[in-house]
Every structure is written in structure tokens, then in C-alpha cells.
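# show me how the following folds:
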Amino acid sequence: MNWLHLLRLGIVGLVFFVGWQARAVTVPLLIAYLLMLVCLPWRQRWRKRIGDVPATLTCILALLVGPLILLLPIILESDELYEMVPKRIETDAELEAAKEWSRAHLIAPLEELIKSMPASAQGSLQGITEGKTLEGVGPAIAKGIWGFLGSLTSFFGGIFGIVSAIVLLPIFLFYLLEGAPWLPRIRAELPKSWRGSFDRTMPKIQNLLRTYCRARLMVAAAKGAMVAVILFVFGVPGPYTMGLMVGVASLVPVIGALISSAVLLVICVADLQGLGLLLAIGIYAVTELVEGYVLLPRLVGRELGMSDFVVILALLGGGALMGLFGLLVAIPAVAVGQVLLVEYVRPLMRDPVEDEASPASVD
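Below is the predicted model of the structure:
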């Protein structure tokens with residue numbers, strides 16, 4: 001490896017380091033780039049009718065108005081749901097209030113459920129409601145929810161960083177859409193020796209990322225709709241809000257599902273008591289099984305040309321190797337890896353003797 005290769009690797013490493021340090025800017029930039037990939041076909045179709053800038057503004061307006069329309073029904077359910085969710089715990093009085101919530105909405109319903117069971121079963125289950133363990137459920141849920149929100153806030157550099165990211169996102173998206181397509185511009189900055197590989201791989205990778213984002217949004221919508229229908233059938237308050245929350249949270253594997261399930265547990269238990277506990281556990285189990293073994297393999301795997309087995313194996317391997325980050329990048333990383341395998345690895349694995357003999361065999 002000569003000094004030029006080392007210089008290029010050093011520049012790439014420096015770019016990643018600076019990008020991580022400035023993540024309040026680079027994260028919305030990355031999200032804007034992925035949204036640009038999804039919106040680009042629409043813009044190209046609309047620009048022929050209404051022009052470049054109007055087509056770009058229409059795409060951005062659709063992305064802004066769509067979430068607002070989805071959020072409007074939450075206003076009708078917010079007051080009732082707010083009273084059910086444990087609040088932030090900062091004082092001893094708030095801690096005692098959270099424990100009282102556990103006694104009223106968890107311990108008391110479980111005691112009633114145990115009393116309704118046969119006498120033979122009551123003796124073995126009586127110890128569940130004794131002691132102080134279940135009293136800590138309310139504080140644990142409250143601390144978990146607010147702790148996750150606090151970690152998310154600190155990741156972006158506080159409330160100001162979150163507001164900045166929200167403001168920057170449509171600005172970045174506008175300029176990325178106006179400057180698209182970007183591949184020819186990037187290609188022009190590369191050394192000539194890299195351009196052949198770039199032409200063979202980058203269009204495929206960009207199409208894979210676009211397909212993955214679109215399919216992942218379809219999975220989130222399907223999961224959220226499934227939860228909303230189940231809650232509506234059982235008469236739980238706020239089915240639309242809970243379904244939307246579960247769908248959005250499912251975009252963050254594992255952690256998002258746990259946080260949304262904790263909130264769902266609070267709402268179901270507060271409304272249905274013991275039955276609500278079973279309902280929340282059942283919804284979590286069913287939705288995770290359907291997402292992991294039906295939606296992701298069928299929607300995401302089929303769109304990327306990957307088998308069900310490969311998708312499940314990628315998720316398991318990514319989670320085992322790199323935790324949450326591995327779960328986030330596992331499927332697109334495997335899909336991109338397939339493109340790089342064909343371009344770079346397979347040529348190195350060819351047997352030179354067979355390659356030399358192949359023309360003679362054809363003759």
C-alpha cells in the first residue's frame with residue numbers, strides 16, 4: 001500500500017470522525033439523503049409537468065403535510081392518554097405517586113384475578129402480589145421512558161440540537177433534490193482508476209438503499225395498523241395514537257419495540273387491569289413474531305432480493321455482533337455486501353488455470 005492509499009484512507013477516517021462529532025448536522029443530512037432517494041422518482045415525474053423548483057417544493061410539502069395529517073387525530077386522544085402514563089420522576093412525592101399507580105393499576109387487579117382462580121392455584125400465585133417488587137413497576141416504566149428520551153436528546157446535543165435538526169432536515173432535502181442526481185458529480189471527483197468500479201456498484205447500492213427505506217416504512221405502517229386494530233377491538237383508549245407510536249418506534253429495532261411496549265402496557269393495564277396485562281404481552285409477542293418472521297422477510301427481503309432465511313440470519317448476526325447498531329444496519333449491509341462481493345471478492349477467488357482454460361473449452 002503506497003502513501004497515496006494511506007492518504008485516501010486517512011481522509012475517509014477523518015470524514016467519519018468529524019461526521020460523528022457533528023452528528024446534530026450529519027444525522028439530518030443522512031436522513032435527508034435517504035428521503036431524497038425515496039422522493040427522487042416522484043420529483044422526476046413531476047418536474048416534467050410543473051418544473052424543477054415546484055416539483056422539489058411539492059415533494060417537501062408532501063413529506064411535511066403527511067406526518068401532520070397523521071398526528072392530527074392524536075389531539076382527540078391526548079388528554080385521556082396523558083392521565084394514564086406515569087410522569088417524570090424528580091421528587092419523592094412523584095416517586096410515591098408512581099408506586100401508588102402500580103398498587104392501583106397492577107397489584108390490585110392481579111389480586112382480584114388471583115381471587116377468581118381455583119383455591120389450588122391461589123396458593124402458588126399469592127406471592128406474586130406480596131412484597132415491594134411490583135410497586136417498582138410504575139417507577140421503572142417512567143424512568144425507562146424518560147431515560148430513553150433523555151438519551152435521544154443528548155445524542156442530538158439537547159433540545160436546541162433537536163430543533164436545529166428538524167429545521168435543517170427540509171433545507172437539506174431541498175438542496176439535495178435540486179442537485180440530484182449526485183452520482184455523476186461524485187464520480188467526477190474520483191480518480192479515474194476508481195470510476196469503472198463506481199459505475200458498476202454505486203447505482204446498485206443507491207437503488208438498494210431506496211428500496212430498503214421504502215420497504216421499512218411499509219413494515220412500520222403494517223405493524224402500527226395491526227396494533228391499532230387490536231386495541232380498537234378490545235376497546236382500549238387511544239388505539240390510533242398507540243398504533244402510530246408502535247409503528248414509528250419499530251423503525252428502531254429492539255429498543256423502540258421495548259419502549260413502545262412499556263407505554264402500551266401502562267395503557268392496557270390502566271384500562272383493563274389484569275386482562276390488559278395479558279393483552280399487552282400478547283400484542284408484543286405477536287407483533288414481534290409477525291415483524292421478524294413475516295413482514296421483514298416478505299417485504300424487505302423480497303424487495304432486496306434476499307431469502308427469508310438470509311434476512312433472519314442477518315438480523316440475528318447483526319444484533320449479536322454490534323447490538324442495536326447491528327440491528328439497524330444488518331439488512332442493508334448484507335444487501336450492499338452482495339453487490340461488493342460480486343464486484344471485488346469473486347474476481348479474487350477465481351482460479352487462474354480455469355480462466356485460461358475456459359476460452360479453449362469454448363472453441
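# can we go C-alpha only for contacts and neighbour counts from here?
Will do.
# wait, residue 280 sits on residue 258?
No - between residue 280 and residue 258 there is no contact under C-alpha atoms under 8 Å: 11.5 Å.
# run through the strands of the chain in chain order.
For the chain, no strands turn up when DSSP state E is the criterion.
# about what we covered before: ok, residue 280 and residue 258, which is more surrounded?
Neighbour totals were compared for residue 280 and residue 258, and residue 280 leads with 21 against 18 (other C-alpha atoms under 10 Å).
# how about that one, nearest residue that isn't a chain neighbour?
residue 265 (5.1 Å; C-alpha to C-alpha, 6 or more residues apart in numbering).
# okay, that neighbour: pLDDT?
The per-residue pLDDT reported for residue 265 equals 80.
# that one against residue 276, yeah?
Yes - at 7.3 Å, residue 265 counts as touching residue 276 under the criterion of C-alpha under 8 Å.
# for residue 317, give its distance to residue 277.
Distance of residue 317 to residue 277, computed by C-alpha to C-alpha, to the nearest Å: 32 Å.
# the more surrounded of these two?
Between residue 317 and residue 277, counted using other C-alpha under 10 Å, the more crowded position is residue 277 (22 against 15).
# residue contacts, that one?
265, 268, 269 (C-alpha atoms under 8 Å, 6 or more residues apart in numbering).
# check contacts around the second one.
Residue 268 makes contacts with 236, 276, 277, 279, 280, as judged by C-alpha under 8 Å, 6+ apart.
# what does the average pLDDT come to for stretch 162-179?
Stretch 162-179 carries an average pLDDT of 83.
# count of neighbours near residue 244?
22.
# okay, it and residue 182: tell me how far apart.
Residue 244 sits 34 Å away from residue 182, going by C-alpha to C-alpha.
# thinking again about what came up before, now, the contacts of residue 268 that are in helices?
Among these, DSSP state H puts 276, 277, 279, 280 in helices.
# mind putting these in CSV, pLDDT and distance to residue 208 included?
Converted to CSV, the ones in helices among the contacts of residue 268 look like this (pLDDT from 0 to 100; distance: C-alpha to C-alpha, whole Å):
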residue, pLDDT, distance to residue 208
276, 79, 41
277, 78, 40
279, 88, 37
280, 86, 35
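# phi, psi for residue 238 please.
Taking degrees, to the nearest 10, you get phi 70, psi 40 for the backbone angles of residue 238.
# quick one: low-confidence ranges for the stretch 201-350 of the chain?
Low-confidence segments of the stretch 201-350 of the chain, defined by pLDDT under 70: 253-255, 274, 300-305, 307-308, 322-328, 345, 348-350.
# if we go to 80?
Residue ranges of the stretch 201-350 of the chain with pLDDT under 80: 215, 251-259, 262, 266, 269-277, 292-312, 314-333, 335-336, 338-350.
# state the pLDDT value of residue 39.
Residue-level pLDDT assigned to residue 39 equals 85.
# is it true that it touches residue 59?
Yes - using C-alpha under 8 Å, residue 39 is in contact with residue 59, at 6.5 Å.
# nearest residue to residue 334 in space, please, no chain neighbours.
residue 314 is the one closest to residue 334 (C-alpha to C-alpha, 6+ apart), at 7.0 Å.
# mind listing what that neighbour touches?
330, 331, 334 are the contacts of residue 314 under C-alpha under 8 Å, 6+ apart.
# any idea which of the residues you listed has the most stuff around it?
Counting neighbours by other C-alpha under 10 Å, residue 331 leads these with 24 neighbours.
# listing request: residues of the stretch 51-200 of the chain with sub-threshold pLDDT.
76-166, 180, 191, 193-194.
# need the helices for it, in chain order.
All helices of the stretch 51-200 of the chain, identified by DSSP state H, counting those that start in this stretch, fall at 52-71, 74-82, 92-102, 108-115, 119-125, 137-155, 158-179, 183-189, 192-234.
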